[in-house]
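> One predicted model, sequence on top.
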Amino acid sequence: MSWKTIDRNTVDADHEGPGLSAAAKEKIRGFFPRYPTRRAVVLPALHIAQDEIGHVSLAAMRDIAELLEIPPAAVMDVVTFYTHFWTHPKGRKVITVCRSLTCQLMGQPALQQAVEARLGVGEHGTSADGQYALMTEECLAACDHAPCMMINEKMHRRVRVEDLDRILADPRNDQLDVQRSDLFDAP
Ligand code: FES
């Protein structure tokens with residue numbers, strides 16, 4: 001997660017996009033007993049929506065608002081606050097470059113520039129072949145291995161610009177070494 005407000009104009013108000021499936025809604029309801037209020041379920045709900053659809057569409061925001069009994073604007077507030085949530089479709093794999101201080105001191109600017117040049121896109125863009133999307137986030141919690149970037153949920157540590165082509169060419173570059181956390185799975 002990171003804390004950089006997104007320009008609301010990046011939300012494509014002309015395209016509702018797909019809503020949540022019945023299964024996703026049921027999964028969200030499964031979180032209700034864990035929290036003191038429905039409003040508190042908004043983050044797990046957004047993760048579920050993004051996992052299912054690939055981004056958080058306007059229709060999904062409305063579905064979540066209805067489930068949590070809060071105004072749709074309250075859901076959009078959260079979506080547009082966290083860069084982690086995408087409001088438009090993204091590439092198959094997401095590259096997340098850390099932009100916090102330790103990584104910056106250890107070569108992040110050159111790394112980010114190289115990734116942008118390689119993909120031909122900037123923040124929240126997707127490469128022309130649809131394979132990679134790019135975003136930056138605050139500290140990825142591996143500062144002692146800076147500079148870091150993630151591909152989907154796989155962390156790449158001490159990434160040098162000269163490593164980039166090899167990493168991007170590896171078809172398993174987003175494969176986790178350990179099993180994914182079940183944090184956002186329904187109880
Ligand atoms: S500053 Fe980049 S991982 Fe912490």
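Now that the structure is in, tell me what you want to look at. No experiment lies behind these values; they were computed from the predicted model shown.
> Give me the three-state assignment for residue 52.
For residue 52, the assignment made with DSSP: H, G, I helix; E, B strand; the rest coil gives helix.
> same check, this time on the one 3 residues further on
When states are read from three-state DSSP, the local structure at residue 55 comes out as coil.
> Pull the number of nearby residues for the residue nearest to it when sequence neighbours are not counted.
In space, residue 55 comes closest to residue 86 once its chain neighbours are excluded; the distance is 3.9 Å by C-beta to C-beta, 6 or more residues apart in numbering. (Glycine included, C-beta is placed from N, CA and C.) For residue 86, the tally of surrounding residues (other C-beta atoms under 10 Å) stands at 21.
> correct me, but residue 86 touches residue 56?
Yes - checked against C-beta atoms under 8 Å, the pair residue 86 and residue 56 is within contact range at 6.7 Å.
> quick one: residue 28 and residue 77, what's the gap?
With distances defined as C-beta to C-beta, to the nearest Å, the gap from residue 28 to residue 77 amounts to 18 Å.
> Between these two, point out the one with more neighbours.
More neighbours sit around residue 28 than around the other of residue 28 and residue 77, counting by other C-beta under 10 Å; the figures are 24 against 14.
> separation between that one and the ligand?
30 Å (C-beta to the nearest ligand atom, to the nearest Å).
> likewise residue 96?
For residue 96, the distance to the ligand under the criterion C-beta to the nearest ligand atom works out to 10 Å.
> Then residue 106?
8 Å.
> Excluding sequence neighbours, find me the nearest residue to that residue.
With sequence-adjacent residues excluded and distances taken as C-beta to C-beta, 6+ apart, residue 106 is closest to residue 146, at 3.9 Å.
> can you pull the contacts of that neighbour?
Residues near residue 146 by C-beta atoms under 8 Å, 6 or more residues apart in numbering: 98, 102-103, 105-108, 158.
> Let's see if you can find the most crowded of those.
Across the contacts of residue 146, the neighbour count under other C-beta under 10 Å reaches its highest value at residue 98, namely 28 neighbours.
> what does the model give that residue for pLDDT?
On the pLDDT scale, residue 98 is placed at 97.
> who does it bridge with?
residue 137 (DSSP bridges).
> Show me which residues of the chain are close to the ligand?
98, 100-103, 139-143, 146, 148 (C-beta under 6 Å from any ligand atom).
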